[in-house]
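Colleague: Make a model of this:
(chains A and B)
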Amino acid sequence: MMLLILLGVPLFAAVVLAFVGDRKYAAEINILGSALNFAAGLGLAFQVYLEGPSLAAGKFFFVDAFNVYLAVLTSFVSMTTAVFSRRYMRREREHGRVGHMGMRFYHAMFQVFIFAMLLCLLTNNVGVLWIAMELATLSTVLLVSLYRTPTAIEAAWKYFILCGVGIAQALFGTVLLYFAAEKVLGEGGDALLWTNLSLVSDKLEPTVLSLAFVFLMVGYGTKVGLVPLHNWLPDAHSEGPTPISAVLSGLLLNVALYALVRCKVLVDGSTGTHHAGDIMMGFGLLSILVAAFSLLRQKDIKRMFSYSSIEHMGIATFAFGLGGPIATFGGLLHMLVHSLAKSSIFFTVGHASQMHRTQEMDRIKGLIKGNPLVGWGLMFGVMAIVGMPPFGVFTSEFLILTATIKDAPLLTPFLLLGLAVAFAALFRKVQPMVSGEVPSYQKPMTVANLPVLLHMALVLIIGIYMPDFLNQWFHIAVELLK
Amino acid sequence: MNIHNAAQIISFLAALVLLCAFGMLVQRRMYGLIHLFAWQGLFLSISTAVVGFVAGKHHLYISSVLTLSLKVVLLPYILHVLIQRLKIQKEVETVVNVPMTMLIGIVLVIFSYHLTAPVREISTLVTRSVLAIALATVMIGLLMMITRRHAVTQIIGFLAMENGLFFAATSATYGMPLVVELGVALDVLIAAFIFGIFFFHIHTTFDSLDVEQMARLKEGD
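Modeller: Numbers count the residues shown, from 1 in each chain, chains lettered A, B, ... in the order given. Next comes the predicted model:
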């Protein structure tokens, strides 16, 4: 029941917001809708905590220890992003970067996007998962081009075409998966349900499934932003409105990785080898290295942090590819803490670039003196994201590193190199921005405090003390993903 | 109609679908491209109906009608209107010359046959032989998107890919579950509206639909 409410709220909010349009209280309705959604998410989490996994609407939706925390995370980050976007988008409107229709479109599509991601996470049907993933792309394409500048349109076009092509490969993979599944499970919708497939994965035809995985990997890997399929990601993140960058980076990439991991479990179950995991490790490691070295030469602040997202998605993909209880646990935790830390960074980056009216890092200076919350927020956010203790990212990266040393010792130097380069690059770039005197063109402004503080507090708490229920879910999820 | 005849009809239609894909690789004029796309959709729709008839799968009739209305009537119509509104007549040059693209296309077909060999071997369906052609259609659509620099041709390539995917679904299996097919059709429809909006945005911002002009976002500038 909670599950259906969780899916229904954003859809309803989208319809309401499409009618409300650009009125004064649209942003408040957006926040209210997202808050209700988060409440439903908490309700669902509570239900899973008490009663364990369940199905809803026949067998159409399902929730287990793996997708429940991602669903709650999605509803939580969408709520804080809605809070952040209220002030942010109002200011963009005052600056004339968005028009009347633009605001109506922005609010409605924001909710449709949240709905699409939740549908991805909670659907039991592999085909519907694909449809929802495509819907998530389509709903954000025109948000990326919201400002209608030539670069924004270029970025959105690239996003549309590359993700469209990529996701088409995933559909071919899904067709092959269905082909293998219907031989075992019979025809009809039941053959595409995760809950059925995971039971019979060892009976599925291995040759077909390994072929299917190549297509699924390319398809969903494009959406995860894995190198060399990542070209759309930095453009879309840097040209779209900052709240959208925050949810793209913090949520959409996670959802795509979720789909990939589910597929990997099936394929590994069928082939009985570690073939799919090896492919994921390769893509993951390549992403870490390429993104880390790309970080060094960035000039645009949002572009830089989008490369950091590629790096972290690479780490998580690598961890799931490596498999084993410790690495999988680390991967699950990494998805959570990266999402919280990265969206918080994008909030502060949004404020910083509005204060300076530019995204060029050379012109952003003196943040701590100009606005302590933004300055320190960015500083601590970066410390968290590069994996400094005691933040949660340290814990997850440490787990993944330990597992690598144990299971794939030869890859450890590459992983360490990537982490070290990313560490150095981010610190070198962020230091001049937060320190120093306030430049003359910096404009003081009031900022939304709550989202940043909340996110950073959570990352810190998870780093120091992992709550019991989370621990329990992760352990169950590790069993599921074995 | 016995199974043997049906298999031949389906193979024949598959050949026509592939022929349309190659035709699109060569065709330079916009209207010609749209007509080829519509023909491809028509062959696809007929073959879906034939498969539905032979296999006794009635939900394939729905897919067939859906394909007919979406890919033969609605999408070509939308593209027609857009082209007239935006006054596009001839296409800009391709990145790779035509004989070369044809050769790459042939290689892709061979590659597809090679790739789908294990699936064909274990399949017992009438339609198994056309899976390779479906994959080849997807690949040729992809090739078209890479070698053309015009926004409209890129979109037609994208839709041709979608045709190939649909064809794969009816040939590898007797169609995906209906809810999935309806969802995919909905996504294609939404995508059609979005690229329509895009054409206008690109046209007003860049004064033409040549995507070569969109090269401002680059690394290391």
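Colleague: Show me the helices in chain B, by range?
Modeller: In chain B, the segments counted as helices under DSSP state H are B:3-26, B:30-55, B:59-67, B:75-86, B:98-122, B:131-147, B:151-172, B:178-206.
Colleague: Also the stretch 1-150 of chain A?
Modeller: Using DSSP state H, counting those that start in this stretch, the helices of the stretch 1-150 of chain A run over residues A:2-20, A:26-51, A:65-94, A:100-122, A:126-144, A:150-185.
Colleague: how far does the longest one sit from the chain's center?
Modeller: This means helix A:150-185. Helix A:150-185 sits 18 Å away from the centroid of its parent chain (CA atoms, centre = their mean, to the nearest Å).
Colleague: what about it and chain B, any contact?
Modeller: Yes - Helix A:150-185 is in contact with chain B by CB under 8 Å from any CB of the partner chain, via A:150-151, A:153-158, A:160-161, A:164-165, A:168, A:171-172, A:174-176, A:178-179, A:182-183. The way it works is simple: take the backbone N, C-alpha and C, and place the C-beta from them, glycine included.
Colleague: Among the helices of chain B, which comes closest to residue A:316?
Modeller: Closest approach to residue A:316 among these (CB to CB): helix B:178-206, 26.8 Å.
Colleague: Show me what counts as buried in that closest one.
Modeller: By neighbour count with 16 or more other CB atoms under 10 Å in any protein chain shown, helix B:178-206 contains the buried residues B:180-181, B:183-185, B:187-188, B:191-192, B:194-195, B:198-199, B:201-203, B:205-206.
Colleague: Give me the neighbour count for the residue nearest to residue B:37 when sequence neighbours are not counted.
Modeller: Nearest non-adjacent residue to residue B:37, counting by CB to CB, 6 or more residues apart in numbering or on different chains: residue B:156, 5.5 Å away. Residue B:156: 24 surrounding residues under other CB atoms under 10 Å in any protein chain shown.
Colleague: Pretty sure residue B:24 is one of the things residue B:156 touches, is it not?
Modeller: Yes - the criterion here is CB atoms under 8 Å, and residue B:156 meets it with residue B:24 at 6.8 Å.
Colleague: what's the overlap in contacts for these two?
Modeller: B:33, B:37, B:144 (CB atoms under 8 Å, 6 or more residues apart in numbering or on different chains).
Colleague: Need the pLDDT of the closest residue to residue B:137 other than its chain neighbours.
Modeller: Leaving aside its chain neighbours, residue B:137 sits nearest to residue B:164 (3.2 Å; criterion: CB to CB, 6+ apart). Reported pLDDT at residue B:164 in the predicted model: 92.
Colleague: Could I get the contacting residues of residue B:164?
Modeller: Contacts of residue B:164 by CB under 8 Å, 6+ apart are B:21, B:134, B:135, B:136, B:137, B:138, B:139, B:140, B:141.
Colleague: and if you look at residue A:425?
Modeller: Contacts of residue A:425 (CB under 8 Å, 6+ apart): A:292, A:295, A:296.
Colleague: And residue A:362, by the same measure?
Modeller: Counting by CB under 8 Å, 6+ apart, residue A:362 makes contact with residue A:299.
Colleague: What is the neighbour count of residue B:75?
Modeller: Using other CB under 10 Å, residue B:75 has 23 other residues around it.
Colleague: Surely it is in contact with residue B:156?
Modeller: No - counting by CB under 8 Å, residue B:75 does not reach residue B:156; the two are 9.2 Å apart.
Colleague: Quick check: neighbours shared by those two?
Modeller: Overlap of the contact sets of residue B:75 and residue B:156 (by CB under 8 Å, 6+ apart) consists of residue B:37.
Colleague: quick one, what contacts the residue nearest the centre of chain A?
Modeller: With distances taken as CA atoms, centre = their mean, residue A:251 lies nearest the centre of chain A, 2.8 Å away. For residue A:251, the contacting residues are A:73, A:74, A:77, A:78, A:117, A:339, A:343, by CB under 8 Å, 6+ apart.
Colleague: ditto for residue A:431
Modeller: Here residue A:431 is in contact with no residues (criterion: CB under 8 Å, 6+ apart).
Colleague: What separation is there between it and residue A:370?
Modeller: For residue A:431, the distance to residue A:370 (CB to CB, to the nearest Å) stands at 15 Å.
Colleague: pLDDT on stretch A:48-66, on average?
Modeller: For stretch A:48-66, mean pLDDT rounds to 87.
Colleague: quick one: contacts of that stretch?
Modeller: Stretch A:48-66 is contacted by residues A:1, A:3-4, A:7, A:44, A:47, A:68, A:71, A:122-125, A:128, A:190, A:193-195, A:258, A:262, A:332, A:469, A:472-474, A:476-477, A:480-481 when judged by CB under 8 Å, 6+ apart.
Colleague: okay, now residue 137: neighbour count?
Modeller: Looking at chain A here, since you left the chain open. Residue A:137 has 26 neighbours, counted by other CB under 10 Å.
Colleague: wrong one, chain B
Modeller: Residue B:137 has 32 neighbouring residues, counting by other CB under 10 Å.
Colleague: quick revisit: so for the residue nearest to the centre of chain A, what's the pLDDT?
Modeller: pLDDT for residue A:251: 94.
Colleague: how about the residue nearest to residue B:37, what does it touch?
Modeller: Residues in contact with residue B:156 (CB under 8 Å, 6+ apart) are B:24, B:33, B:34, B:37, B:79, B:144.
Colleague: circling back to that earlier point, report the buried members of the contacts of stretch A:48-66.
Modeller: A:3, A:7, A:44, A:47, A:68, A:71, A:122-125, A:128, A:190, A:193-194, A:258, A:262, A:332, A:473-474, A:476-477, A:480-481.
Colleague: Which pLDDT value belongs to the residue nearest to residue A:9 when sequence neighbours are not counted?
Modeller: Closest residue to residue A:9 apart from its sequence neighbours, by CB to CB, 6+ apart: residue A:37 at 4.5 Å. Looking at residue A:37, its pLDDT is 94.
Colleague: just residue B:221 next, same as before
Modeller: Looking at residue B:221, the pLDDT reads 44.
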